[in-house]
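1. show me how the following folds:
(one chain, ligands or ions: 1)
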Amino acid sequence: MQTSVAPEGIRTFIPPHPDPAPENLSPRQLASLMRTNNIRVWSQRAYEEKVVVRRFFGRSSVLFNAPEAIRHVLVDHPEAYGRTRATLRILKPLLGEGLFTSEGPAWRHQRRTLAPAFTPRSVELLIPHIRSATTEMIGSLAATEKERVDLFPMIQRLALEIAGRTMFSLEMGQHGSALRDQIMHYGQRLGRPHLLDFVVPIGLPTPHDWARAWFRRGWIRLIDQIMAERLTAKTHASGPRDLLDLLMAARDPESGEGFSPKQLRDQIATMILAGHETTAVALCWSVYLLAHLPEVQGQIAQEAAAVVQPDSEAEPPLLKLTYTRAVLDEVMRLYPPAYVIVRAARQPDNVAGVTMKPGDLAIISPWVLHRHRKYWHEPDAFAPERFLPGALAVDRFAYLPFGVGPRVCIGAHFALTEATLVLAELMRSFRIELVTSRPVLPVAVVTTQPDHAPLFRLHRR
Ligand code: HEM
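-> Numbering: from 1, shown residues only. Predicted coordinates:
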């Protein structure tokens, strides 16, 4: 299976990426890299072979690159593989018992209930919120013309603003910075896996668990406060205005049950968190890569000018932003915001000839898969042409920015709609130039983040 574009279509731009790790890291070195930069744990072998088996604290930890093995774990036997102890420990204080952290019948009930809120039709309802926040950001960027601009934090704020407006129809104002502070604080300290997270059974709290529980109190207070403000806000709308309306009206098609207030709060925390950081990261990498490629910026600007009417209320025909979308697809291949999908085996199994015992880890790494030597032609080169209509088909299991199977990202269509529109609007409005030269490298802890924020200069088109 060779996924490729015609060689003449390949640009030679190779964006920065870290070198592979040396072979045979010790468990301690591995744990330390998992805390600081999870994509540096893989040696060259991982990018060439179909299966890589490692021992990690008495368990097997198996990287699966083979399509049939990925399909086995994520699509055909999802009930035999669950979220890991460390994932639940780290994420539950933020996400509670929401869709991401629940399992079994509770997960099935939530997924059925939430699904209608994320269909393309429902996402259409959210587009005006995306556009209003984007137009405002472009307005404030226009005032910075020719100055050095710290664009990444602005993109992160925009993504949070969009998450807040689409969820609550509220401008985020002060809530935005409070949410951001809490999320940053958690990501930089408590969200980093600690050795004890892997080895201590989940019922026994570690000192980190106590600190996380303390954090949760403040976090819940904040979400409750924003929800209360939204519920008392006056509205003249007759139908649903935002995700909160959709979630409050959501009913399980099988049991007819909706969400309790606590469940609703956990879903909201999940959607804000799972939704905004990942999309922000995809946009930051897009802007960084495109700053090296003025001709690609020009092509997006041209497409956007032909498709998006700046002041029109009419929704832009997203399907026509084909090139912009191909650029995003390629950016998420090279820098997948969700760099890894991990599952713990719940029962004995055999996958691609590997014996899995309960507790063993099955690792599917979009970071590795998307740069795998067997699946991609010139894997490290930036070539959006791979994703244009007419290019050779991309194997379903070689490209997984949103995962696959029943737990595939529920917000994928929303994320792609948001990112495509924001990127198209940005490029239609400005030509973006990089003014600092230090290469930006990916650091993967929660998402695949840039290691620093370079400075840009914007020129109005
Ligand atoms: C570029 C943006 C995004 C990327 C790359 C991304 C990626 C992913 C991936 C890879 C998974 C699967 C994880 C697994 O199988 O363990 C996932 C799940 C999930 N995503 Fe996203 N996501 C993005 C945006 C969003 C948005 C906008 C939302 C919501 C508004 C969202 C909500 C979720 C939720 C709730 C799950 C858990 C689904 C479940 O377990 O049933 N994501 N996402």
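2. anything in stretch 385-399 near the ligand?
-> No. Using CB under 6 Å from any ligand atom, stretch 385-399 stays clear of the ligand, coming no nearer than 11.4 Å. Placement of C-beta: from N, CA and C, glycine included.
3. and that stretch, what's its mean pLDDT?
-> Averaging pLDDT along stretch 385-399 gives 93.
4. low-confidence ranges in this protein?
-> Of all residues in the chain, those with pLDDT under 70 make up the ranges 1-11, 236, 310-317.
5. would you point out which residue of it is nearest the ligand?
-> G411 (2.2 Å; CB to the nearest ligand atom).
6. roughly how far does that residue sit from S177?
-> From G411 across to S177, the span is 23 Å (CB to CB, to the nearest Å).
7. and the spatially closest residue to R131 that is not a sequence neighbour, what does it touch?
-> Closest residue in space to R131, ignoring its immediate chain neighbours: L421 at 6.8 Å, by CB to CB, 6 or more residues apart in numbering. Taking CB atoms under 8 Å, 6 or more residues apart in numbering, we find L421 in contact with I127, I130, R131, T134, V308, P316, L318, L321.
8. can you check H413 too?
-> F118, T119, P120, V123.
9. again, 6 Å this time
-> H413 makes contact with P120, V123 under the criterion CB atoms under 6 Å, 6 or more residues apart in numbering.
10. hang on, it in a helix?
-> Yes. Residue state for H413 (DSSP: H, G, I helix; E, B strand; the rest coil) corresponds to a helix.
11. the residue nearest to the spatial centre of the chain: helix or strand, and which one exactly?
-> Nearest to the mean C-alpha position of the chain, counting by CA atoms, centre = their mean, stands T278 at 3.0 Å. Using DSSP states H and E, T278 maps to helix 261-291.
12. now the element after that helix, going C-ward?
-> helix 294-307.
13. which other helices and strands contact the helix or strand R108 falls within?
-> R108 belongs to helix 104-114 when assigned by DSSP H and E. Other helices and strands packing on helix 104-114, by 3 or more CB pairs under 6 Å, 6 or more residues apart in numbering; DSSP states H and E, are absent; none qualifies.
14. ok, residues contacting whichever helix or strand comes after that helix?
-> Downstream of helix 104-114, the next assigned helix or strand under DSSP H and E is helix 120-142. For helix 120-142, the external contacting residues (CB under 6 Å, 6+ apart) are 158, 161-162, 165-166, 246, 315, 413-414, 417-418, 421-422, 425, 429, 458.
15. what residues does this structure have near the ligand?
-> 99-100, 111, 270-271, 274-275, 278-279, 282, 337-338, 341, 401-403, 407, 409-411, 414-415.
16. which of those count as buried?
-> With burial judged by 16 or more other CB atoms under 10 Å, the buried subset of those is 99-100, 270-271, 274-275, 278-279, 282, 337-338, 341, 401-403, 407, 409-411, 414-415.
17. now find how far off-centre the host helix or strand of A362 is within its chain.
-> Using DSSP H and E, A362 maps to strand 361-364. Centroid separation between strand 361-364 and its chain, computed with CA atoms, centre = their mean, to the nearest Å, is 18 Å.
18. now it - C-alpha only, CSV.
-> C-alpha atoms of strand 361-364 as CSV (Å, rounded to 0.1, in the frame of the first residue of the first chain):
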residue,chain,number,x,y,z
LEU,A,361,-1.3,-1.3,25.7
ALA,A,362,-2.3,-1.0,22.1
ILE,A,363,-0.8,2.2,20.6
ILE,A,364,-2.0,3.7,17.4
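19. partners of that strand in the sheet?
-> Here strand 361-364 is paired, per DSSP bridges, with strand 59-64 (parallel), strand 341-345 (antiparallel).
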